[in-house]
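Chemist: model the structure of this input:
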Amino acid sequence: MNLQETHECPDCASPNIVHNQEREQIICRECGLIYEPLSPSTKPERAKPKAAPKKAKPKKRK
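Modeler: Numbers count the residues shown, from 1 in each chain. Here you go, the predicted structure:
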């Protein structure tokens with residue numbers, strides 16, 4: 001989403017918004033939403049599934 005081309009709040013669709021160039025945000029004066037798209041460096045990473053712990057092999061009895 002290009003913030004400069006946005007003319008309404010992504011949440012409430014109000015046209016009463018302010019563009020904050022410095023922080024790359026859209027601030028809605030109606031509902032108070034502060035919209036800031038995630039940059040690739042701030043997207044949360046998916047946790048990798050952990051491998052199941054290996055079971056100890058039973059000791060052989062003599």
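Chemist: the strands in this protein, which residues?
Modeler: When assigned using DSSP state E, the strands of the chain occupy the ranges 17-20, 25-28, 34-35.
Chemist: what's the most buried one of the ones you listed?
Modeler: Most buried of the strands of the chain, by mean neighbour count (mean count of other CB atoms under 10 Å): strand 25-28, with a mean of 19. Heads up, the C-betas are built off the backbone N, CA and C, glycines and all.
Chemist: tell me the strands beside that one, with direction?
Modeler: strand 17-20 (antiparallel), strand 34-35 (antiparallel) (DSSP bridges).
Chemist: any chance of those in a markdown table, plus distance to Lys59?
Modeler: Converted to a markdown table, the strands paired with strand 25-28 look like this (distance: least, CB to CB, whole Å):
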| stretch | distance to Lys59 |
| --- | --- |
| strand 17-20 | 66 |
| strand 34-35 | 61 |
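Chemist: put together a markdown table for those, with mean pLDDT and distance to Glu8 on each row.
Modeler: Output for those, formatted as a markdown table (pLDDT from 0 to 100; distance: least, CB to CB, whole Å):
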| stretch | mean pLDDT | distance to Glu8 |
| --- | --- | --- |
| strand 17-20 | 92 | 7 |
| strand 34-35 | 92 | 11 |
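Chemist: what's the closest of those strands to Ile26?
Modeler: strand 34-35 (4.3 Å; CB to CB).
Chemist: count of neighbours near the nearest residue to Asn16 once chain neighbours are set aside?
Modeler: In space, and not counting its chain neighbours, Asn16 is closest to Arg29: 4.4 Å by CB to CB, 6 or more residues apart in numbering. Using other CB atoms under 10 Å, Arg29 has 12 other residues around it.
Chemist: repeat that for Glu30.
Modeler: 14.
Chemist: which one is it nearest to, not counting chain neighbours?
Modeler: In space, Glu30 is closest to Ser14, 3.8 Å off (CB to CB, 6+ apart).
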